[in-house]
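*Asks:* Here's my sequence, what's the structure:
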Amino acid sequence: MTAGRALGLALMVLAALAIWSAQSLEVPFAADPLGPRAFPSTVALLMGLCGALLLVPRGPAFEVPERKAAPPLLVLVMAGYALLLVPLGFLAATALLAIGVALLFGARPLAAIGTGLITSAVLWALFDRVLDLPLPKGLLGA
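*Replies:* As a prediction, this is how the structure comes out:
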């Protein structure tokens with residue numbers, strides 16, 4: 001059994017346990033029409049589905065990437081994002097993260113900048129406007 005299939009089975013078992021555990025959640029008052037079971041059950045269902053997809057045989061095994069420096073640089077870009085999120089704010093830090101990731105994956109500079117700006121704006125609209133989550137304003141909040 002390959003590591004991917006073992007992980008798939010483990011995810012499916014964990015998902016089943018999470019769904020079983022979520023069914024015992026009860027709230028004495030009806031704050032949400034769906035109740036407290038819906039969100040953890042949905043997440044567990046998606047996790048089980050991803051585990052099942054890992055069981056499906058695919059093409060050749062993982063190949064060594066051509067860009068050997070990309071994985072450590074990606075870790076550095078994400079660490080930089082975590083450090084710059086509050087001082088720069090969500091929009092600027094997320095744009096820089098997306099630009100960095102796009103460049104590491106071989107995008108042309110202009111395409112990477114466009115991708116970063118669009119990604120940052122869409123994620124900000126989703127989190128700030130739709131989900132009403134507070135995001136760090138950073139430089140733009142001053």
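
*Asks:* so which strand or helix has the spatially most central residue of the chain?
*Replies:* The centroid of the chain falls nearest to residue 123 when counting by CA atoms, centre = their mean (11.7 Å). Assigned by DSSP states H and E, residue 123 belongs to helix 109-124.

*Asks:* Now do that helix: everything it contacts.
*Replies:* Outside helix 109-124, the residues that touch it by CB atoms under 8 Å, 6 or more residues apart in numbering are 90-92, 94-99, 102-103, 107, 135. Yep, even glycine has a C-beta here, placed from its N, CA and C like the rest.

*Asks:* Below-threshold pLDDT in the chain: ranges please.
*Replies:* Within the chain, the segments meeting pLDDT under 70 span 1, 29-34, 61-65, 141-142.

*Asks:* the helices in it, which residues?
*Replies:* With helices called from DSSP state H, the chain shows them at 3-22, 38-55, 70-88, 90-104, 109-124.

*Asks:* TSV for these, including distance to residue 140?
*Replies:* TSV is the format used below for these (distance: least, CB to CB, whole Å):
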stretch	distance to residue 140
helix 3-22	39
helix 38-55	31
helix 70-88	9
helix 90-104	6
helix 109-124	10
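
*Asks:* which of those is buried the deepest?
*Replies:* Neighbour counts (mean count of other CB atoms under 10 Å) averaged over each of the helices of the chain peak at helix 90-104, with a mean of 20.

*Asks:* Now do it: everything it contacts.
*Replies:* So helix 90-104 is in contact with 67, 70, 73-74, 77-78, 80-81, 84-85, 88, 109, 111-113, 115-117, 119-121, 123-124, 127-128, 135-140, going by CB under 8 Å, 6+ apart.

*Asks:* do that again at 7 Å, thanks
*Replies:* Contact with helix 90-104 is made by 70, 73-74, 77, 81, 84-85, 111-113, 115-117, 119-120, 123-124, 135-136, 138-140, as judged by CB atoms under 7 Å, 6 or more residues apart in numbering.

*Asks:* just checking, residue 48 touches residue 14?
*Replies:* No - using CB atoms under 7 Å, residue 48 is not in contact with residue 14, being 8.2 Å away.
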